[in-house]
Each structure stands twice: as structure tokens, then as C-alpha cells.
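K.L.:
coordinates only, sequence not included:
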């Protein structure tokens, strides 16, 4: 996470520091999902991760499916503003598509610090004629700066409820980077009635040797992978009203169909919670 040379939205001629020789979690995730925006180093690292834990691909898909259900749900509650941090490389079914399908007036601010994400900004900007979508460069580890940048865009009204989307991003912060403090600071700036859409990787269901092998692969990438326990993920929601069914594995959060066998052991926890 974090590069000095970024691709500014709307400026396709500006070079970006893509660092193609270093695996990047966003591009590895794109590979898991079957996307095309990755380099050989990303593919090689992703294949090593899949060799260590073949469920990476199905876990990534379960996370995307959770995001779709969760955004539809909060849109149904009347939320029309979304702050999606660490959105990753655009794929079908991103937050703005789901939200604006439910409410064409919905407004979405994406935040990322990966140049390949920013290089896709124009596609994200499309939105609808009524809603508005934008992408900004900021770092989750600097929540105050991130919020200032998001507010400066004029897309979101932070005096009204916002859906804060932290889907599969906090596990790229080490404990010493205080992800708990990051979440509290972000939520503290949002109005009552705001919702947190959260998913987070876990090693609760895999052997320690597999966990260590995967961790080692990500340690050589641009960001680590820190799996956390259910109780640790639950702690991010302290002080919030957690919506049913609570903190569960991603496929078990309000599924549209009967979950597959083993859904309760998918290595991704998910939850939605409301700020009173």
C-alpha cells in the first residue's frame, strides 16, 4: 500500500509507478476473481498462495457476493452515500453499480492508493445520469487525510448517513498500524445512522502451517496479509449496533440461496453494523 507516483483520474497520459515486479494484493485479488489486470509477479505470487490454500479463489468470490448483498441491504434502508475504501481493481458488481441500481441518485466515493486502480477511474466515473461516482487517491492508514480528501470532492455530505465500506482491506494493516483506531476515526467523522460494511480475512479455519506459508507470500508483496480471529473482527464493531446475523463467514451473511456445504468455514468474516 502506498506509492509516491499515482495515476490521477482523468489524466491517461500520466505515468504511474505500477511496480510490476512486486506482487500487489489488489492485482492478486483480481487474478483470484478471474480478472485481467495483473502482471507476471502478481500471477506467480497468487499461484503460490493458491497452492498453499486452494480456497483463496472461492473466498474472494464469497467476499464479492457478500459485498453485493450488503450494499443492496443498506440501500434498501435508505442510504444513498457510500465511502468505499480499498475498493481494488474495478470488476462487475462494484459498489456504485449495486447502489445506483437500487437508487439512481446514490453517490459513491472510492478510495485507493494503488495506481492500477486509479488508472481505471474513468470507468468508475460513468455512474448514472443522476448519481455520481468518483475515485480519490488516499491511504487508509491516514484516516484524517482520507476524510479531508473525500470531503473536498463535494460528492458526499458527511452530515448525513454514509455507508462506510471496508471490504477485505483491514487485513492488509498490521496490528501496529492500529486498524481499530483507523475504524474508530473513520466512523467518528460520520453521522448517526451511518453503516459499516465490513469483511476481513481469517486463519481460524486453516492449519498454522498453511497460514504461515500464505503470510510469507504476502510479506514479499506490497502489503502483508493479517488474518484475524472472529473476536478480533468483532472488536472493530464495538459501540455499533450489529445487524443480524452478526459476525459470520461471508457466505452466511443473509444469503440469497442455500449456502454450500462448508460455508461456515470460509476464511472471510463479514458483518454490517449501524452507528447510533
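P.N.:
That came through fine. Note that the structure is a prediction, hence the values are computed from the model and not measured. Numbers count the residues shown, from 1 in each chain.

K.L.:
quick one, helices of the protein?
P.N.:
25-32, 40-52, 56-76, 95-102, 115-118, 121-125, 143-152, 179-188, 208-219, 230-235 (DSSP state H).

K.L.:
quick one: contacts for residue 130?
P.N.:
100, 104-105 (C-beta atoms under 8 Å, 6 or more residues apart in numbering). To be clear about C-beta, it is placed using only N, CA and C from the backbone, and glycine gets the same treatment.

K.L.:
what do you get for residue 173?
P.N.:
By C-beta under 8 Å, 6+ apart, the neighbours of residue 173 are 140-141, 179, 182, 226.

K.L.:
Equivalent analysis for residue 98, please.
P.N.:
Shown here is residue 98, whose contacts under the criterion C-beta under 8 Å, 6+ apart are 67-68, 71-72, 75.

K.L.:
next one: residue 41
P.N.:
20-23.

K.L.:
and the gap between it and residue 48?
P.N.:
11 Å (C-beta to C-beta, to the nearest Å).

K.L.:
Now flag whichever of the contacts of residue 173 is closest to residue 53.
P.N.:
Using C-beta to C-beta, residue 226 is the member of those that lies nearest residue 53, at 15.0 Å.

K.L.:
gap between the closest one and residue 88?
P.N.:
17 Å.

K.L.:
Looking only at neighbour counts, state which of those two leads.
P.N.:
A side-by-side neighbour count of residue 226 and residue 88, using other C-beta atoms under 10 Å, places residue 88 first with 26 against 20.

K.L.:
Just confirm that one contacts residue 117, I think it does.
P.N.:
Yes: counting by C-beta atoms under 8 Å, residue 117 is a contact partner of residue 88 at 6.5 Å.

K.L.:
Overlap of the contact sets of these two?
P.N.:
Taking C-beta under 8 Å, 6+ apart as the criterion, residue 88 and residue 117 both touch residue 26.

K.L.:
follow-up on the earlier one: let's have the contacts of residue 173 in CSV, adding distance to residue 232.
P.N.:
Below are these laid out as CSV (distance: C-beta to C-beta, whole Å):
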residue, distance to residue 232
140, 17
141, 18
179, 9
182, 14
226, 9
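
K.L.:
tally of neighbours for residue 175?
P.N.:
When neighbours are defined as other C-beta under 10 Å, residue 175 has 10 of them.

K.L.:
Grab the nearest non-local neighbour of it.
P.N.:
Once flanking residues are discounted, residue 175 sits nearest to residue 226: 7.0 Å by C-beta to C-beta, 6 or more residues apart in numbering.

K.L.:
hmm, who's touching stretch 233-243?
P.N.:
By C-beta under 8 Å, 6+ apart, stretch 233-243 touches 73, 170, 179-180, 183, 187, 196, 198, 200, 202, 247, 269, 271-276.

K.L.:
Mark which of those are buried, thanks.
P.N.:
73, 170, 179, 183, 187, 196, 198, 200, 202, 247, 269, 271-275 (16 or more other C-beta atoms under 10 Å).

K.L.:
Please consider this matter closed, and thank you.
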